[in-house]
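*Asks:* Return atomic coordinates for the entry below.
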Amino acid sequence: MNLTWFYLHCFAAVAILWADATDRLEPAFNAFEQKMGLYTPPDTIDDTPPFYIPPIEQDSTNMIPPFFRPPIESIESDSNMVKR
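*Replies:* Numbering: from 1, shown residues only. Sure, this is the predicted structure:
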């Protein structure tokens, strides 16, 4: 039985794992992508900004649907209102 394809796949898997372990796989893929015109630069969202940016505080009550909000006390209450 011809095991050429089996050994070829085993060799390719070991070569890819070795290149990844020695940090040579990512630069090789980046160079290949640049040759093909598919390269996108790394995302800079995790870089620290040069100045402090305060977190955005959002009012969480705007996200609650009206039927989940607690009932509002009023003078005239009907059967659906909670009496306190």
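*Asks:* helices and strands around the lengthiest helix in the chain, which ones?
*Replies:* Scanning the chain for the longest helix, with DSSP state H as the assignment, gives helix 4-21. Other helices and strands packing on helix 4-21, by 3 or more CB pairs under 8 Å, 6 or more residues apart in numbering; DSSP states H and E, are helix 25-36. Where you see a C-beta, it was placed from the backbone N, CA and C, and this is true even at glycine.
*Asks:* can you list the residues that contact the helix it packs on?
*Replies:* 16, 19, 39-40 (CB atoms under 8 Å, 6 or more residues apart in numbering).
*Asks:* CA atoms of that helix as CSV?
*Replies:* Coordinates of each C-alpha in helix 25-36 appear next as CSV, following Å, rounded to 0.1, in the frame of the first residue of the first chain:
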residue,chain,number,x,y,z
LEU,A,25,4.9,30.8,11.0
GLU,A,26,3.2,34.2,11.4
PRO,A,27,5.9,36.2,9.6
ALA,A,28,5.9,33.6,6.8
PHE,A,29,2.1,34.0,6.4
ASN,A,30,2.3,37.8,6.5
ALA,A,31,5.0,37.7,3.8
PHE,A,32,2.8,35.4,1.7
GLU,A,33,-0.2,37.6,2.2
GLN,A,34,1.8,40.7,1.1
LYS,A,35,2.8,38.9,-2.1
MET,A,36,-0.8,38.0,-2.8
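*Asks:* okay, the angle between that helix and helix 4-21?
*Replies:* Compare the direction of helix 25-36 with that of helix 4-21 by axes from the mean of the first three to the mean of the last three CA atoms, to 10 degrees and you get 110 degrees.
*Asks:* where does this structure dip in pLDDT?
*Replies:* The chain contains residues with pLDDT under 70 at 1, 58-84.
*Asks:* Apply 90 and report the result again.
*Replies:* Where the chain drops to pLDDT under 90, the residues are 1-2, 39-84.
*Asks:* quick one on the thing from earlier: reformat the contacts of helix 25-36 as TSV; add distance to Ile56 and neighbour count.
*Replies:* Shown next, in TSV, are the contacts of helix 25-36 (distance: CB to CB, whole Å; neighbours: other CB atoms under 10 Å):
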residue	distance to Ile56	neighbour count
Ile16	42	11
Ala19	42	15
Tyr39	32	12
Thr40	27	7
